[in-house]
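K.L.:
After the sequence you'll find the predicted model.
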Amino acid sequence: MAVKEGEETVSLVDVLEEDEELENEASAVLGGSDADQCSFPQGYVKRQALYACNTCTPKGGEAAGICLACSYKCHEGHELFELYTKRSFRCDCGNSKFRDLKCKFYSEKEQINGENKYSHNFFGLYCTCNRPYPDPDDQVEDEMIQCIICEDWLHGRQHLGCMVPDCVELQEMVCESCMNKHPFLWTYAAHLAVPCVPIASPGIKEEEEGGGCTEEASTSTEKAKENSIASCKRTHQEMEGGCKLKELQAVGQKRDQSGAVFWPPSWRSRLCSCDGCQNSYAAAGVSFLLDEADTVLAYENKGKSSEQEQRGHDPLMSALDNLNHVQQLEIIHEYNDMKTELKDFLQRFAAEGKVVTPEDIRQFFEQQQNRKRRRADAAQFYCS
């Protein structure tokens, strides 16, 4: 294959590294969950990937959630809603919420999992607007952001009550409804949270509103924290019990109590853990706020680490380094053809709402091998 001088090309190593990044994103969500065994025996799993089956538990019935393995094995070909991750959930597959279906891993699941928490997410609806995602009636591209307390997903551009910070990937969000249900968080928000930027008014550009995590905003936040810490140290000497919440309340720093609140990394470590506050957290059902391993980021990092350990050293990447540029380009064309066919293959499953099983993937690559043999035979016929 000829390559024109000056022609811009991408190496196969670059292509594979891009695909590896996409695989890591999938592993971040699924890597922390077992794809081969139902999670039911583990009880209320701290955090796992979950699904809801619209075929078995449609809207109007009882909400139910199923684990990753059951979504593959027990609900193949069903219409599933991907719920991302939920905390402290036990797999419902095959229990009394399902009329005829029995779990293929554990057939005896009669009891209701009373500690599970459900929402409209289990029927494919999200946000305060109670709409599906993606929304067929809304053509404007938008991102959904999950509240760490109620675990519902809210539209970033219009239903948070504030601008979404640029560095949102590293932050946790608590929606306005949950902030109001747990008002002690407003005190912490005044001292710890990312500065609130109201949604831009019509005709005002985002830059003029100061949206995002700007350097100026970060500097002002740090100064506010330093002042708060200094005041708290003085107040701490005058108070008994050492309650951080009471210390911050004594400082009196205020914040507008409206809109969702975004929190910087490690903010949980600065919440008070005195006996009184721990009792309050438990009564309100938010004790998990003290657990930094509860975060979705911690779960995703666990999934990525597990996947990388399983892969180990990739001999394919090493082999590619030894190929010349023309050889790499030839492989790229073969690779792109295969990727296009795989995309078409997977789109058929998406259109029918079916789960792709390992057997489906095996059959796909068998078909690829057969096509390659036919092309080779045809080329040999014409050359002879």
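P.N.:
Structure received.
K.L.:
Going by residue numbers, what spans are strands in this protein?
P.N.:
For the chain, the strands defined by DSSP state E occupy 45-53, 66-67, 80-89, 144-146, 153-155, 172-174, 261-263.
K.L.:
Please indicate which of these has the most neighbours on average?
P.N.:
strand 66-67 (a mean of 30; mean count of other Cβ atoms under 10 Å). Every C-beta, even on glycine, is put in place using the N, C-alpha and C of the backbone.
K.L.:
Report the rounded mean pLDDT for that strand.
P.N.:
Strand 66-67 carries an average pLDDT of 96.
K.L.:
partners of it, with directions?
P.N.:
strand 45-53 (antiparallel) (DSSP bridges).
K.L.:
Looking at the strands of the chain, spot the one closest to Leu271.
P.N.:
strand 261-263 (10.2 Å; Cβ to Cβ).
K.L.:
Partner strands of the closest one, with direction?
P.N.:
Its sheet considered, strand 261-263 pairs with strand 172-174 (antiparallel) by DSSP bridges.
K.L.:
Please list the outside residues in contact with the strand it pairs with.
P.N.:
Contacts of strand 172-174 from elsewhere in the structure, counted by Cβ atoms under 8 Å, 6 or more residues apart in numbering, are 145-149, 154, 160, 185, 260-263, 267, 295-296.
K.L.:
now Val197, nearest residue through space, not along the chain?
P.N.:
Distance criterion Cβ to Cβ, 6 or more residues apart in numbering; nearest residue to Val197, sequence neighbours excluded, is Met163 at 4.1 Å.
K.L.:
thought the one you found was touching Ile199?
P.N.:
Yes - Met163 is within contact range of Ile199, at 6.1 Å (criterion: Cβ atoms under 8 Å).
K.L.:
which residues touch Glu341?
P.N.:
By Cβ under 8 Å, 6+ apart, the contact set of Glu341 is Gln368.
K.L.:
ugh, typo on my part, it should be Ser280
P.N.:
With Cβ under 8 Å, 6+ apart, Ser280 has these contacts: Phe184.
K.L.:
Check it and give its pLDDT.
P.N.:
97.
K.L.:
Met163 and Ile199: which has the busier surroundings?
P.N.:
Legend: neighbour count by other Cβ atoms under 10 Å for Met163 and Ile199, higher for Met163 (21 against 16).
K.L.:
Tell me, how many residues neighbour the nearest residue to Gly276 once chain neighbours are set aside?
P.N.:
Spatial nearest neighbour of Gly276, chain neighbours left out: Cys243 (6.2 Å); criterion: Cβ to Cβ, 6+ apart. For Cys243, the tally of surrounding residues (other Cβ under 10 Å) stands at 18.
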